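Peer 1: pasting the sequence and the predicted model now:
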Amino acid sequence: MEFEVASLDGLKKLIEGCTRCPLSTGRTKIVFGMGNPTSKLMFVGEAPGRVEDERGLPFVGPAGKLLDELLAGIGLRREDVYITNVVKCRPPGNRDPNPGEIETCNPFLSEQIRLIEPRIVCSLGRVAAGVMLRKNVQISRIHGERFSGPGYFNVVAFHPAAALRTPETLELVKSDFQKLSSYLHDSELPPEPPRPEPEQMGLF
Ligand code: SF4
């Protein structure tokens, strides 16, 4: 870990104006993440798209609308979960982020996960699944599956953008979310890590 900060707000401030990788040159806004900072369910997508880059918020374009519908299908709202991406700036032309960009931005994602302490991190799509599982993956083979992670489970689902392209993938991502819901209710979730005591306010 390169650094530790005390809060998501502190991390957001640290990322403001980041020029660590070349994606900084083409972005309009950094897309940090949004949602419930203590949620037990965190979603990690690949990278901001055009609408996200303009608004500085994750999953607010058509794929985000579908994500909201998929969440509603398992009784959740966007405010119940935390949503972010592997890289915080939009790759040009919506290409996949390259390995160097992913590696450079990864400490920010790791720190978000450490601060949020999710019980499940759901990767949306091949790129995010590869980052979270630390290996190249074939999404068609592992979607809907659950893998042990350090203090949380990794679950893999198709990216909602892929589901917008074909009705078959839409059905698959719906089944991924049904499995995700069952994992959320599964008593075999890893024990919640202890949270630090709130800091005492200094008098001086
Ligand atoms: S993608 Fe990440 S590392 Fe690259 S400039 Fe944006 S915040 Fe910094």
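Peer 2: Received it, and whenever you're ready, just let me know what you need.
Peer 1: if I look at Glu111, how far off is the ligand?
Peer 2: Spatial separation of Glu111 from the ligand under the definition Cβ to the nearest ligand atom, to the nearest Å is 12 Å. To be clear about C-beta, it is placed using only N, CA and C from the backbone, and glycine gets the same treatment.
Peer 1: helix, strand or coil for that residue?
Peer 2: Secondary structure, DSSP: H, G, I helix; E, B strand; the rest coil: Glu111 is helix.
Peer 1: and it, how many neighbours does it have?
Peer 2: Glu111 is flanked by 20 other residues according to other Cβ atoms under 10 Å.
Peer 1: helix or strand: which one has the closest residue to it other than its chain neighbours?
Peer 2: On the basis of Cβ to Cβ, 6 or more residues apart in numbering, the spatially nearest residue to Glu111 that is not a chain neighbour turns out to be Leu11, at 5.5 Å. If you go by DSSP states H and E, Leu11 is part of helix 8-15.
Peer 1: quickly check: that helix near the ligand or not.
Peer 2: Yes: part of helix 8-15 sits near the ligand under the criterion Cβ under 6 Å from any ligand atom, namely Ile15.
Peer 1: now do that helix, average pLDDT.
Peer 2: Helix 8-15 shows a mean pLDDT of 96.
Peer 1: does anything pack onto it? Which helices or strands?
Peer 2: Using 3 or more Cβ pairs under 8 Å, 6 or more residues apart in numbering; DSSP states H and E, the elements in contact with helix 8-15 are helix 99-116.
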